[in-house]
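**Q** Provided below are the primary sequence and the corresponding predicted coordinates.
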Amino acid sequence: MISVRNVRKNFGNLEVLKGVNLEVKDGEVVVIIGPSGSGKSTLLRTINRLEEPTSGEIYIDDVCITDRNVDINRIRQHVGMVFQSFNLFPHLTALQNVALAPVVVQHRPPAEVQELAMAQLSRVGLAHKANAYPQQLSGGQQQRVAIARALAMEPRFMLFDEPTSALDPEMIGEVLAVMKSLARDGMTMVVVSHEMGFSREVADRVVFLEYGQILEEGTPEQLFDHPRHPRTQEFLSKVL
Amino acid sequence: MTIDPGIMLEFLPYLLHGAIYTIVLSTVAIAIGIVMGLIIALMKIAPLKVLRWPATAYTDFFRGTPLLVQLMMLHYGLPQIFHYTPVAWLDAFIGLGLNSAGYVAEIFRAGIESIDRGQTEAARSLGMTYMQAMRCVILPQAVRRVLPPLGNEYIALLKDSSLVSIIGMSELMFRARLLNGSTYRPFEAFFTAAILYLVITLPLTQLVAVMERKMSISDKRS
């Protein structure tokens, strides 16, 4: 379970998150939507502390990860992250990208990790690209390798930060398909996305964030078909 | 008096011997510079102020004062305070090495900082420590990117190494000055030395140009 409690984040004088509370249960898929600059990505990035909250607490499985004494590197092994810009390691092949962290961080035997990495690449349909370098792959393929890389750590949670926003339209489908299959397998996911179709199909809950506050949350049906908050209605009328 | 090519040929073996010392000296110095420079660069970008401050002081001093002054301080200044007999060749290696570390540190720092922030974030999000991310993700990329400037630094160092002739190490420039003094043939002595410096630096310049071309191709691809 992920529990975000009254989290605030300031960048200088700018208050990006104004006391956000969010609970994500095991196996749940939560999609965060909202206009750009609403603090969606910042909120997501506080969950693995790529962004340090200015105040408030975040619990992952009852461990307070905003505690100064917590070993954040241990926590991060259980929280995979996928970025908008893929961020694959360009000096490594697809397979090496996937295999790096289990060897370096978890000290698992390279031979064993090799197999695991291959299995993860197959899972995202890219076993045949194992020896390709990132620059030889399309955007959609790169993002699928990035997902495999995160999965190789066998995380309990996955964070997706606008995973399809940097992709050409024809490649969005293949990435969403991988995410859907992950959701079907019961992965706990927090997704920042503009893909309303995906949200409607996969999300257990949709959260609408604006000006650093959660204005409304509910099932996709509630939020998309019967939004209560006028700001939600206005936002949805623009994007749907 | 006219230029006498015969004298230049006579000078050649002696100067060639000196040129080998020049190459050895510069190579050892850049090696010292790379090892020390990497450490200093890592200190300069470290999250801890106690590490950053001495590293910045180091690069400021060695880049902000003339190499000749540094060599003089090392060879004549320090023995005055600590009462030992200076050894010319040793001070040449140390002085040139310490100096190049200052420049190499800046090259490494710029190279590391040129790597996209997303690389560090991706590495850290997988649970890597700061040092693991540095070692496995950032440095391998940065090293490729700094090869051309590092090559240029080596070329600069080869030429700057002529300054150690002042403290008396018998490298190429020292020998040219010696020949000048003993034969009163300054043109032949220094022109031959100049040609030898060129023979060393020109291929290296070409090599750097090739590296830069390759680099720009792979940058376009990614």
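**A** Done, it's in.
**Q** which residue ranges form the helices in chain A?
**A** Assigned by DSSP state H, the helices in chain A fall at A:40-47, A:72-76, A:94-104, A:110-123, A:139-151, A:169-184, A:196-202, A:220, A:230-239.
**Q** Take these and lay them out in CSV including mean pLDDT.
**A** Output for these, formatted as CSV (pLDDT from 0 to 100):
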stretch, mean pLDDT
helix A:40-47, 97
helix A:72-76, 96
helix A:94-104, 97
helix A:110-123, 96
helix A:139-151, 98
helix A:169-184, 96
helix A:196-202, 93
helix A:220, 96
helix A:230-239, 92
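**Q** can you pull the contacts of the residue nearest to residue A:126 when sequence neighbours are not counted?
**A** Beyond its immediate neighbours in the sequence, the residue positioned closest to residue A:126 (Cβ to Cβ, 6 or more residues apart in numbering or on different chains) is residue A:144, lying 5.6 Å away. For glycine as for every other residue, the C-beta is placed from the backbone atoms N, C-alpha and C. Neighbouring residues of residue A:144 by Cβ atoms under 8 Å, 6 or more residues apart in numbering or on different chains: A:124-126, A:174-175, A:178.
**Q** who in chain B is up against chain A?
**A** Chain B has residues B:116, B:118-119, B:121-129, B:132, B:136-137, B:140-141, B:144, B:218, B:221-222 near chain A, with proximity defined as Cβ under 8 Å from any Cβ of the partner chain.
**Q** one step back: could you dump the helices of chain A into CSV and include distance to residue B:193?
**A** Compiled in CSV, the helices of chain A are given as follows (distance: least, Cβ to Cβ, whole Å):
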stretch, distance to residue B:193
helix A:40-47, 60
helix A:72-76, 56
helix A:94-104, 49
helix A:110-123, 53
helix A:139-151, 54
helix A:169-184, 61
helix A:196-202, 72
helix A:220, 80
helix A:230-239, 73
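**Q** I figured residue B:43 hits residue B:50, correct?
**A** No - with the criterion set as Cβ atoms under 8 Å, residue B:43 and residue B:50 do not qualify as a contacting pair; they are 9.3 Å apart.
**Q** Can you pull the residues of chain A lying near chain B?
**A** Going by Cβ under 8 Å from any Cβ, the residues of chain A near chain B are A:48, A:50, A:73-74, A:76-77, A:79-81, A:83, A:85, A:87-91, A:100-101, A:104-106, A:134-135, A:146, A:149-150, A:153.
**Q** so residue A:160 makes contact with residue A:195?
**A** No - under the criterion of Cβ under 8 Å, residue A:160 makes no contact with residue A:195, lying 10.2 Å away.
**Q** Looking at the two, which one has more neighbours?
**A** Of the pair residue A:160 and residue A:195, residue A:160 is the one with more neighbours under other Cβ atoms under 10 Å in any protein chain shown, namely 27 against 20.
**Q** and the more buried one, what does it touch?
**A** The neighbours of residue A:160, taking Cβ under 8 Å, 6+ apart as the test, are A:44, A:81-82, A:179, A:189-193.
**Q** That one and chain B, how far apart?
**A** When Cβ to the nearest Cβ, to the nearest Å is applied, the distance between residue A:160 and chain B equals 12 Å.
**Q** Residue A:122 now?
**A** When residue A:122 is compared with chain B (using Cβ to the nearest Cβ), they lie 20 Å apart.
**Q** neighbours around that residue, how many?
**A** Around residue A:122 sit 13 other residues, with neighbours defined as other Cβ under 10 Å.
**Q** Tell me who's in contact with it.
**A** When the contact criterion is Cβ under 8 Å, 6+ apart, residue A:122 has no partners at all.
**Q** next one: stretch A:148-167 to chain centre, how far?
**A** The chain centroid and the centroid of stretch A:148-167 are separated by 5 Å, computed with Cα atoms, centre = their mean, to the nearest Å.
**Q** So for whichever strand or helix holds residue B:150, mean pLDDT?
**A** Taking DSSP states H and E as the criterion, residue B:150 maps to helix B:139-160. Averaging pLDDT along helix B:139-160 yields 95.
**Q** By neighbour count, which bits of it are buried? Give me those.
**A** Taking 16 or more other Cβ atoms under 10 Å in any protein chain shown as the basis for neighbour counts, the residues of helix B:139-160 that come out buried are B:139, B:141-155, B:157-158, B:160.
**Q** Send me that helix as PDB with only the CA atoms.
**A** Coordinates of the C-alpha atoms in helix B:139-160 are reproduced here as PDB (Å, rounded to 0.1, in the frame of the first residue of the first chain):
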ATOM      1  CA  LEU B 139      30.900   7.800 -16.000                       C
ATOM      2  CA  PRO B 140      30.900   5.300 -18.900                       C
ATOM      3  CA  GLN B 141      28.900   7.900 -20.900                       C
ATOM      4  CA  ALA B 142      31.000  10.900 -19.700                       C
ATOM      5  CA  VAL B 143      34.300   9.200 -20.500                       C
ATOM      6  CA  ARG B 144      33.400   8.800 -24.100                       C
ATOM      7  CA  ARG B 145      32.400  12.400 -24.300                       C
ATOM      8  CA  VAL B 146      35.600  13.800 -22.700                       C
ATOM      9  CA  LEU B 147      38.000  11.800 -25.000                       C
ATOM     10  CA  PRO B 148      38.400  14.700 -27.500                       C
ATOM     11  CA  PRO B 149      39.100  17.400 -24.900                       C
ATOM     12  CA  LEU B 150      41.300  15.000 -23.000                       C
ATOM     13  CA  GLY B 151      43.300  14.500 -26.300                       C
ATOM     14  CA  ASN B 152      43.600  18.300 -26.600                       C
ATOM     15  CA  GLU B 153      44.800  18.500 -23.000                       C
ATOM     16  CA  TYR B 154      47.500  16.000 -23.700                       C
ATOM     17  CA  ILE B 155      48.700  18.000 -26.700                       C
ATOM     18  CA  ALA B 156      48.700  21.200 -24.600                       C
ATOM     19  CA  LEU B 157      50.700  19.300 -22.000                       C
ATOM     20  CA  LEU B 158      53.300  18.100 -24.500                       C
ATOM     21  CA  LYS B 159      54.000  21.700 -25.400                       C
ATOM     22  CA  ASP B 160      53.800  23.000 -21.900                       C
END
